[in-house]
Each structure stands twice: as C-alpha cells, then as structure tokens.
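Peer 1: everything below, folded, please.
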Amino acid sequence: MSASPLSPRKHSTRDESQWALVWREFRKRKLAVVSMYVILLLITVSVFAPFLANSKPLYYRGINRFAFEESIRTITTLAQKISRLPDEPTAEQLEFVRNDAAALRDNVDLLAGLMAGETLAEFQAFSEELLSATDRAVDDPDARASLGDLRIRLRTEFRSKSAELVPTVHWPVFASLTWPEIWFIVFNVLLILFPLVKWCSRRLAPRGSAQLLWGTMIGLPSLSAFGWWMSVPERIDRTDYRSGVMVDSEKAASAPVVYEAVKWPWVPYALDESNLYKVKEKPAISGLFAPLVPPEQSRGSELPPWSKPHVMGTDETGRDIFCRMLWGGRVSLSVGIVAVLIYVSIGIVVGAIAGYFRGTTDMLISRIIEVVICFPSFFLILTIVAFLGPGIFKIMIVIGLTSWTGVARLVRGEFLRLADQEFVLAGRALGYSPWRLIFKHVLPNAMAPVLVAATFGVAGAILTESALSFLNLGISVPTPSWGGIMASGHHAIHSAPWLIYFPGVAIFLTITAYNLVGEAFRDASDPRLRGRR
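Peer 2: Purely as a prediction, here's the structure:
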C-alpha cells in the first residue's frame with residue numbers, strides 16, 4: 001500500500017518506502033519470521049485439507065460402474081418427473097422441471113464419458129433423441145409420453161453389465177471442490193509464490209507493477225472460481241471407492257470400481273467417518289509413514305490405507321483425529337480472519353469519520369464507542385450466540401460486530417494526528433472531497449497500527465471461537481473445529497487425553513505465532529521501538 005503524492009515524506013534509508021522499511025525491520029526478528037511461516041503453513045494445510053485427508057482417491061484410472069448405474073437411475077427418475085408434469089403447470093412447477101432438465105443433461109454427459117466403442121456410438125444417437133424429447137416435454141404435453149418410453153428404453157438397453165465401459169482418468173477430490181475452495185486454493189498458491197508474482201509484475205509493468213500485482217492476487221482467484229462455478233456442476237459423489245479392486249482381480253468383472261492405477265490421500269479417512277471397532281484408539285506415529293496401497297495390491301503384512309494405525313488416534317466414535325484436525329483448522333483459522341476483516345472494516349470507517357470531522361460527530365461516535373466497550377465482549381458473544389444458535393457464519397458476524405471499538409479508537413487517534421498536517425491542508429485547498437482525503441490520502445498513512453491490531457485480533461478471534469466450541473456454542477456437529485474437538489474429549493481426559501492435547505497444542509501454536517508476528521510488526525512500524533526518531 002502506498003501513500004498519495006500529497007502524503008508526507010516517509011522516513012526512509014536508501015530511498016526506501018515506509019512499508020519496505022517496515023518489512024526490512026521485521027525480517028531482523030527471526031522468531032517473528034518463523035512464526036509468519038508457521039501461520040502460512042497452517043493456512044496452506046487448512047486450504048488443501050481435501051487433498052490431505054479424504055476417503056476419495058486423489059486420482060485413479062479405471063472404470064466406475066457405480067457412477068454409471070447411478071447416472072442411469074438419476075436420468076430415469078428425472079425423465080419420469082418431467083413426463084408427469086401437469087398439462088397446465090404453475091410457474092413454480094416449470095422452474096423445478098427446468099432444473100431437472102439441466103440435471104438430466106449433466107448426467108447424460110457423465111454417462112457418455114464412461115462408455116466406449118459401439119456402446120458409445122449407440123448412446124450418442126440415443127442421447128440426442130432423449131435430450132430433444134426432454135426439451136419438447138417441458139413445454140409440450142403431447143411429447144411427455146415419448147419421454148416416458150425413452151426412459152424405459154434407457155434402463156433396458158444401457159446397463160453397466162452389457163455396456164462397454166472405457167477406463168478413464170478420474171479426479172474425485174477435484175470434482176468435489178466448490179468454487180470458494182477453488183478461490184482460496186489459487187489465492188494460497190499465489191501467496192506462496194508472492195516473490196515470483198511480484199517480480200513478474202515489475203517486469204511486465206514497471207510503472208503499474210503495484211496495480212498489476214494486486215490485480216493478479218485478487219483477479220486470478222476470482223476468475224478461476226467463476227470459471228469453476230460455470231463449468232463444473234455440483235454433484236454428490238456416493239461411490240464407495242474402498243470397495244474397488246485392481247484390474248487383475250477376480251472380482252473385476254462385477255466390482256463397482258475397477259482400478260488400473262490409484263493414488264490415495266495422505267490420511268485416507270472421511271471427515272465424519274466413524275468406526276466402532278476403533279473407538280479411542282491410541283495415537284500411532286508409525287501410521288504417518290506407512291505405505292498406502294489399494295486392498296488388491298496388499299501382500300503379506302501390508303494393509304490397505306484405511307487399515308493403517310491412526311496417527312493422532314481416534315475419538316469416542318472411532319473418527320480419525322488427524323483428519324478432523326486438518327479440516328478443523330479451516331474453521332478455526334477462517335473464523336479468525338473473516339471476523340477480523342469484518343470488525344476492522346467497521347472500525348476503520350467509524351474511526352475515520354470521528355477523527356476527520358471531529359466536533360459533534362466525534363463526540364457522538366466516541367460516546368457510542370465507550371458504551372460498547374463497557375459490555376464484556378465474551379459474555380455478549382455468549383448471549384447473542386445462545387439466542388441465535390451455533391453456526392460458523394453467526395460466530396464470524398458476532399465477533400466482528402462486537403470487537404470493532406479498539407480499531408475505531410486507533411484510527412480516530414491517527415486521524416486526529418494527521419488531519420492538520422500539510423498534505424491534508426493542501427488537499428483541502430485543491431478542493432478534494434472529504435471522502436477522497438479520508439480514504440486516499442489520510443488512511444494509507446494511518447494503517448500501520450490498524451494492521452498490528454488486526455494481527456492480534458486474529459489470535460483473539462481464534463481463541464474466542466475455540467472457547468465457544470468448547471462450551472458447545474460454536475460450530476455445529478459434524479463440522480469440526482479445534483475447540484469442538486477439545487469439547488468432545490474433556491470428559492475422557494483420563495482415558496483419551498490426546499483428544500485434548502492435539503487441538504490444545506494447535507490453538508496454542510497458532511495464537512502464539514499471531515501474537516509474535518503482531519508484536520514484531522508493531523516494533524518495526526514504530527520508529528521509537530526500532531531505535532529511530
């Protein structure tokens with residue numbers, strides 16, 4: 001972030017900008033740099049949790065008979081619903097039928113991708129007739145009878161036992177992703193490669209490198225998420241991939257999934273997968289390095305991946321704690337970041353208005369801030385969540401709406417300090433509007449303490465969410481969070497202490513890392529604390 005041309009000249013050495021100087025001072029604090037990388041690692045692990053812990057394969061090449069049969073059942077069901085549409089349907093019924101027709105087309109495309117040879121050629125001719133009849137049946141009552149006949153023909157002529165299926169490459173984990181996950185994955189990759197992205201921006205646009213850099217950081221993930229939302233339909237994959245066999249198995253002729261090659265995630269368990277035969281199983285570090293092999297490749301002492309020891313043990317229903325820790329980090333970290341973004345935005349706007357306009361406006365806003373500060377924030381959050389009910393978005397909003405006062409006071413103080421300086425007076429003399437002066441000229445010079453407060457605030461929000469989840473007022477079951485995992489194990493602290501240890505250590509490391517980064521950033525941004533005057 002750079003200040004405007006009217007901003008005061010920054011303290012610099014060797015013509016460095018203020019933010020470059022802060023970053024240079026920050027890098028001298030090795031513990032803070034390590035903490036920053038720990039935070040980046042935790043965020044990366046949380047973003048890529050579907051690829052690290054999942055009951056679906058990352059990749060396989062083979063035949064999926066279950067998906068084939070399920071698509072046929074889905075198409076016949078949708079065709080039956082469309083064929084039974086009344087002669088004079090209501091607008092709501094027509095909307096539902098059009099959605100069913102779109103889902104039918106998606107399943108037809110899925111079926112075509114699973115076939116080969118003469119069967120594929122026959123199905124392509126049949127699918128054209130089926131889709132044409134579907135389009136006509138939506139608006140023409142006379143065409144609905146023919147759609148019913150095609151439905152019967154589909155079930156009799158095209159079945160997985162008689163159809164010639166082709167081995168294809170499948171990416172089940174990728175197919176299960178949603179567009180918000182794609183946004184965060186692309187953004188996280190760009191964040192890891194930030195030095196390279198910055199270097200490319202400077203080479204491509206020397207004069208507008210900052211605009212190109214931040215445009216890439218925000219625009220590329222947004223374009224990727226939009227493209228994913230437009231091109232990849234959402235569908236529930238109910239295939240039991242663990243029942244699959246290798247192509248050389250005796251059961252390959254009838255198995256629901258046949259693998260030619262398969263790659264399983266590091267932790268091959270589902271998020272809410274229970275196993276009553278492994279209740280409160282102790283942690284086994286040996287499971288971390290055990291080779292992952294499909295069941296049909298098991299020889300001798302080798303076991304399929306889901307039979308390996310659990311690295312962090314299991315809980316009272318046999319769920320893998322390592323898997324829940326990886327997925328729980330998504331909730332705990334996202335609550336902290338989103339809640340801070342909410343209350344920082346509110347605090348900046350309120351504090352800027354109070355500090356710039358002063359007078360009656362400042363007095364009124366200051367009294368409101370003092371009233372809100374008087375309430376104990378945690379008990380206020382407890383009360384609101386108790387009335388509204390648990391939920392991740394509710395917790396984010398509640399924390400954001402109850403924690404903005406500190407940021408507002410910081411921004412107000414910075415505006416009171418900067419509002420009478422020469423660059424602001426020059427802007428007023430040139431006729432700049434108050435909002436242009438606030439957000440383009442004064443605010444960039446008042447952001448250092450705000451960013452420090454935001455860094456500390458993320459740690460506080462994570463701790464608040466963990467406390468709410470521990471009190472069963474946080475994230476709803478079965479969605480895991482670190483506090484929720486601790487809550488599920490507090491009654492078994494003697495029989496299964498690892499249910500407390502692992503989430504407790506994760507919360508401690510995360511909060512400590514954020515606090516160390518915030519403290520170092522505060523020292524680096526304050527000339528008095530870094531030895532400069």
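
Peer 1: run a quick neighbour tally on Gly355.
Peer 2: The number of residues packed around Gly355, counting by other CB atoms under 10 Å, is 26. All C-beta atoms are positioned from the backbone trio N, CA, C, and that covers glycine.

Peer 1: for Gly208, same thing?
Peer 2: Per other CB under 10 Å, the neighbour tally for Gly208 reads 11.

Peer 1: how far away is it from Arg202?
Peer 2: Noted for Gly208: a distance of 10 Å to Arg202, by CB to CB, to the nearest Å.

Peer 1: what about the strands in the stretch 301-450 of the chain?
Peer 2: Taking DSSP state E, counting those that start in this stretch as the criterion, the stretch 301-450 of the chain contains no strands.

Peer 1: how about the helices in it?
Peer 2: In the stretch 301-450 of the chain, the helices defined using DSSP state H, counting those that start in this stretch lie at 321-357, 359-374, 377-388, 392-402, 405-418, 422-429, 434-436, 447-470.

Peer 1: can I get the CA coordinates of the helix or strand hosting Ile82 in PDB?
Peer 2: Here Ile82, judged by DSSP states H and E, is contained in helix 65-83. Extracted as PDB, the C-alpha positions of helix 65-83 are listed here (Å, rounded to 0.1, in the frame of the first residue of the first chain):
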ATOM      1  CA  ARG A  65     -19.700 -48.900 -12.700                       C
ATOM      2  CA  PHE A  66     -21.400 -47.400  -9.700                       C
ATOM      3  CA  ALA A  67     -21.400 -43.900 -11.200                       C
ATOM      4  CA  PHE A  68     -22.700 -45.400 -14.400                       C
ATOM      5  CA  GLU A  69     -25.600 -47.100 -12.800                       C
ATOM      6  CA  GLU A  70     -26.400 -44.200 -10.500                       C
ATOM      7  CA  SER A  71     -26.500 -41.800 -13.500                       C
ATOM      8  CA  ILE A  72     -28.900 -44.100 -15.300                       C
ATOM      9  CA  ARG A  73     -31.100 -44.200 -12.200                       C
ATOM     10  CA  THR A  74     -30.900 -40.400 -11.900                       C
ATOM     11  CA  ILE A  75     -31.800 -39.900 -15.600                       C
ATOM     12  CA  THR A  76     -34.800 -42.200 -15.400                       C
ATOM     13  CA  THR A  77     -36.100 -40.600 -12.300                       C
ATOM     14  CA  LEU A  78     -35.800 -37.100 -13.700                       C
ATOM     15  CA  ALA A  79     -37.400 -38.200 -17.000                       C
ATOM     16  CA  GLN A  80     -40.300 -39.700 -15.100                       C
ATOM     17  CA  LYS A  81     -40.800 -36.400 -13.100                       C
ATOM     18  CA  ILE A  82     -40.800 -34.400 -16.400                       C
ATOM     19  CA  SER A  83     -43.100 -36.800 -18.100                       C
END
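
Peer 1: would you tell me what the next helix or strand after that helix is?
Peer 2: Using DSSP H and E, the helix or strand that follows helix 65-83 in sequence is helix 91-114.

Peer 1: that next one to helix 65-83, inter-axis angle?
Peer 2: Orientation check (axes from the mean of the first three to the mean of the last three CA atoms, to 10 degrees): helix 91-114 against helix 65-83 gives 150 degrees.

Peer 1: now do helix 91-114: distance to the chain's middle.
Peer 2: 28 Å (CA atoms, centre = their mean, to the nearest Å).

Peer 1: quick one: buried residues of the helix or strand following that helix?
Peer 2: Helices and strands here follow DSSP H and E; after helix 91-114, the next one along the chain is helix 117-139. Neighbour counts over helix 117-139 (16 or more other CB atoms under 10 Å) mark Thr119, Leu120, Phe123, Phe126, Ser127, Leu130, Ala133, Thr134, Ala137, Val138 as buried.

Peer 1: close enough to count as contact, the last one and Ile82?
Peer 2: Yes - because the distance of 6.7 Å satisfies CB atoms under 8 Å, Val138 is recorded as touching Ile82.
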